[in-house]
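> Return a 3D structure for these sequence lines:
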Amino acid sequence: MQPTELVPTRNQESGHRFIDTHCHLDDGAFADDLDDVLDQSRAAGVTAWINVGYSPTRWRSTIQLASEHDGVALMLGLHPSEAELWAPELCRELLDLLKQTGARAVGETGIDLFRGETNLDRQKVVFEMQLAIAVELGLPAVIHMRAAESQVLDTLAGMSILPPLLFHSFDGGPALVEFILGTGSMIGIGGLVTRARQARLRDQLLRVPATQMVLETDSPYLMPSKLRGRRNSPGNVPLIASVLADLIETDVHYIAQITTQNAERFFGALEEAAGP
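Just a heads-up that it's a prediction; the model follows:
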């Protein structure tokens, strides 16, 4: 059994509606109690989820998940850690699935050099090709970037046309913030903002208008600070919203309203989950 997450309880009564724009509900961490996890997040005011199919095996499980649960939408892409899998056949498969499934975005894609990866050139090519697919299909793209800000910005600068962009788990510096402000790109705000050592992140967030923010958990990863257990879940979105509200000196109602509007402006209207 997984430990029970600390789930805020006030949101259902207050009418706040949240969207978890980036989660991995097909992960094995949820194999035994996914229905309970979804019920808990509904009770916390989270009414829609965007599940991320980031590898060929996860494309299939994500598609199945979305077909079985009201309120679950999907994105499909190849994570930079899977870049060596890229091949013409895989590209065609991804393109076909994006067309067939009603996917809301291409992603997560990007560049990750956090563990000293040496295949930067390969990652850049795969990133560029997925951005081109997003442009071709008229879809937005969701970017994973870790220890690679300058490389991601260089890649984006080299593209003649870009799709709408969302920087997942935003942790960027001044140069990336300038790009985001200049292009109207979105940023995903999750558990990192709750951590005491993220003063630099909070300083940069203060430069980005709330109209360019969405909320996410990256469940089961990136557990917010000071919660019990090690598994993150969508029911923690209101906690992230509360921390963000305090940071930008507003209230949770405004954060719920604006981030939900932003999510549906970026991904399209999202089906609300039926009650338990």
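> how about low-confidence regions in this structure?
In the prediction, the chain carries residues with pLDDT under 70 at positions 1-14, 274-276.
> redo that, cut-off 80
Flagging of the chain using pLDDT under 80 yields the residue ranges 1-15, 273-276.
> and the longest helix seen in it, which residues are buried?
In the chain, with assignment by DSSP state H, the single longest helix is helix 120-137. The neighbour-count check on helix 120-137 (16 or more other C-beta atoms under 10 Å) flags 120, 123-124, 126-127, 129-135 as buried. (Each C-beta comes from the backbone N, C-alpha and C, glycine too.)
> swap in stretch 144-162?
Buried residues in stretch 144-162 (16+ other C-beta under 10 Å): 144-146, 148-149, 151-153, 155-156, 162.
> and the residue nearest to Met186 when sequence neighbours are not counted, helix, strand or coil?
Nearest residue to Met186, sequence neighbours excluded (C-beta to C-beta, 6 or more residues apart in numbering): Leu166, at 4.1 Å. Under the three-state scheme (DSSP: H, G, I helix; E, B strand; the rest coil), Leu166 adopts strand.
> quick one: terminal-to-terminal distance for stretch 239-254?
Stretch 239-254 has its terminal residues 14 Å apart, counting by C-alpha to C-alpha, to the nearest Å.
> do the same with stretch 220-229
Terminal residues of stretch 220-229 lie 11 Å apart, using C-alpha to C-alpha.
> Run the chain-centre distance for it.
16 Å (C-alpha atoms, centre = their mean, to the nearest Å).
> And stretch 89-101, by the same measure?
Its chain's C-alpha centre and that of stretch 89-101 lie 20 Å apart, by C-alpha atoms, centre = their mean.
> contacting residues around that stretch?
With C-beta atoms under 8 Å, 6 or more residues apart in numbering as the test, stretch 89-101 has contacts from 56, 59, 63, 66, 74, 76-78, 103, 106, 129-130, 133, 136-137, 139.
> I'd like the distance from the longest helix of the chain to the chain centre, please.
18 Å.
> farthest-separated two in the buried residues of stretch 144-162?
The two members of the buried residues of stretch 144-162 with the most space between them (C-beta to C-beta) are Arg146 and Leu162, at 20.2 Å.
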